[in-house]
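S.K.: task: produce atomic coordinates for the following.
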Amino acid sequence: MDLNILYLINGFINYFLKFYNSSFATFVKFLMMIYTSVLLADVILLIMLKDITSAMRINLRGMEIPVVSQSAMMKRWNKIKIRLESDNPSQYKVAILEADAIADEILKGMGYKGENMNGRLKQIKPGQIDNLEDLNRAHQTRNRIIYETDLSIGKNEAIEKIRIYENFLKDMEFM
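M.R.: Here you go, the predicted model:
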């Protein structure tokens, strides 16, 4: 009885190998390879057309966050930090203006509408962005720099405001 089962299994394996190596099976394998390639290309095109990466960013963060390389952001940020090392108070003002411009670009890229950063900041709901109040105060300092020509900014105040913008960039994972 055991010998008959072994013969049966061996016969089945031989039959399968003959079929697998036949020209018909080779033709079917070739067609399946083409079919698989077409399906793979379709999946790639669907991912590109549906913008899956954007949907993933929205699902992970709860909002659209623009894609910016960290190295490019670090270059811009290092220029701001260099301005803070100066002993010239006008450089402190420029550093705050540049940091505010970066934050405004990010908010605009996130889809917040408004004519300016004030309008965008008003659209942010509490909890969407950490330290929203600090960011608002730092932006008010920027407005004072623009509109009050005789405004004096000390180094410590400039460092404090830049730190607020830096925390915003870290929270948004740009640094």
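S.K.: what segments of the chain are helices?
M.R.: In the chain, the helices defined using DSSP state H lie at 2-20, 23-50, 52-61, 70-85, 89-109, 117-123, 132-147, 155-171.
S.K.: turn these into a markdown table, columns for mean pLDDT.
M.R.: Shown next, in a markdown table, are those (pLDDT from 0 to 100):
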| stretch | mean pLDDT |
| --- | --- |
| helix 2-20 | 87 |
| helix 23-50 | 90 |
| helix 52-61 | 59 |
| helix 70-85 | 87 |
| helix 89-109 | 90 |
| helix 117-123 | 87 |
| helix 132-147 | 91 |
| helix 155-171 | 90 |
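S.K.: tabulate these (a markdown table), appending mean neighbour count.
M.R.: In short, each C-beta sits where N, CA and C put it, glycine included. Output for those, formatted as a markdown table (neighbours: other C-beta atoms under 10 Å):
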| stretch | mean neighbour count |
| --- | --- |
| helix 2-20 | 9 |
| helix 23-50 | 10 |
| helix 52-61 | 12 |
| helix 70-85 | 14 |
| helix 89-109 | 19 |
| helix 117-123 | 16 |
| helix 132-147 | 16 |
| helix 155-171 | 17 |
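S.K.: could you report the distance from the closest residue to residue 145 other than its chain neighbours to residue 123?
M.R.: Nearest non-adjacent residue to residue 145, counting by C-beta to C-beta, 6 or more residues apart in numbering: residue 93, 4.9 Å away. To residue 123, residue 93 is 27 Å away according to C-beta to C-beta, to the nearest Å.
S.K.: residue 7 too?
M.R.: Counting by C-beta to C-beta, the gap from residue 7 to residue 123 is 79 Å.
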